[in-house]
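**Q** Next come a sequence and a model predicted from it.
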Amino acid sequence: MVSGSCTDEVTLNVSAPRLWKGAVCEPHILYPKLLPDFFSKAERIGEGIGAVNVFYFAPASNMPLGSFNKNKIVVLDEATYTFKNTATEGGLIGVLLKSLDYESVFVPSGADSCIAKIKMEYETLGDKDLSEEELKPIRDGSIGVLKAVEGYLLANPDVYA
């Protein structure tokens, strides 16, 4: 088993409060709506810290048929726009990874913009680190969902205003 991590930053043209509401408070509602080729459906079990988001992958996602990803919320701090979850089942857990923790912080950078700082920490199942080729879809996916939420919020300025 090897521990690893990666970080990314992306500037988004929506405010941190709006992005927080869409990407953190309601991903189970927005992600399947915005990315139907990737997520066939989603649900949230419970509320607040300890709640579990379950995302079911669509056939076009190139994930195994019927696959899903369960993520338990471990940090939910609206005052600092900090969110952290731990993958508990599905997705890459048990395939490439023993564990995967995802953290995002939305740093306000203007009235209608913010910087999303993303950090992923993982432990592999094997004795080698993930290659850049293996990390790329994970990193691109986390940025991609934020960009999709950004696009939706820009097209719908009254949503979460």
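**A** Yep, that arrived. Numbers count the residues shown, from 1 in each chain.
**Q** okay, CA-based contacts and neighbour counts for the rest of this
**A** Fine.
**Q** Roughly how far does the residue most central in space within the chain sit from residue 148?
**A** Centrality entry for the chain: nearest residue to the mean C-alpha point is residue 142, 4.9 Å, by C-alpha atoms, centre = their mean. Separation of residue 142 from residue 148 (C-alpha to C-alpha, to the nearest Å) stands at 10 Å.
**Q** okay, which residue of the protein is out on the far edge from center?
**A** residue 127 (26.0 Å).
**Q** now the helices: where do they sit in this structure?
**A** Assigned by DSSP state H, the chain shows helices spanning 16-19, 27-34, 132-155.
**Q** Just put the ones you listed in CSV and tack on mean pLDDT and distance to residue 88.
**A** Output for those, formatted as CSV (pLDDT from 0 to 100; distance: least, C-alpha to C-alpha, whole Å):
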stretch, mean pLDDT, distance to residue 88
helix 16-19, 98, 24
helix 27-34, 96, 16
helix 132-155, 94, 16
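**Q** nearest to residue 96, of those?
**A** helix 132-155 (9.1 Å; C-alpha to C-alpha).
**Q** Buried deepest among the helices of the chain, which one?
**A** Comparing the helices of the chain by mean neighbour count (mean count of other C-alpha atoms under 10 Å), helix 16-19 comes out on top with a mean of 23.
**Q** Against which helices or strands is that helix packed?
**A** Contacts defined by 3 or more C-alpha pairs under 8 Å, 6 or more residues apart in numbering; DSSP states H and E place helix 16-19 against strand 97-110, helix 132-155.
**Q** switch the cut-off to 7 Å
**A** strand 97-110 (3 or more C-alpha pairs under 7 Å, 6 or more residues apart in numbering; DSSP states H and E).
**Q** ok, back up a step: show the contacting residues for the closest residue to the residue farthest from the centre of the chain other than its chain neighbours.
**A** Leaving aside its chain neighbours, residue 127 sits nearest to residue 1 (4.6 Å; criterion: C-alpha to C-alpha, 6 or more residues apart in numbering). Counting by C-alpha atoms under 7 Å, 6 or more residues apart in numbering, residue 1 touches 123, 124, 125, 126, 127, 128.
**Q** which one of these is nearest residue 135?
**A** Distances from residue 135 to the contacts of residue 1, taken by C-alpha to C-alpha, are shortest for residue 124, at 11.6 Å.
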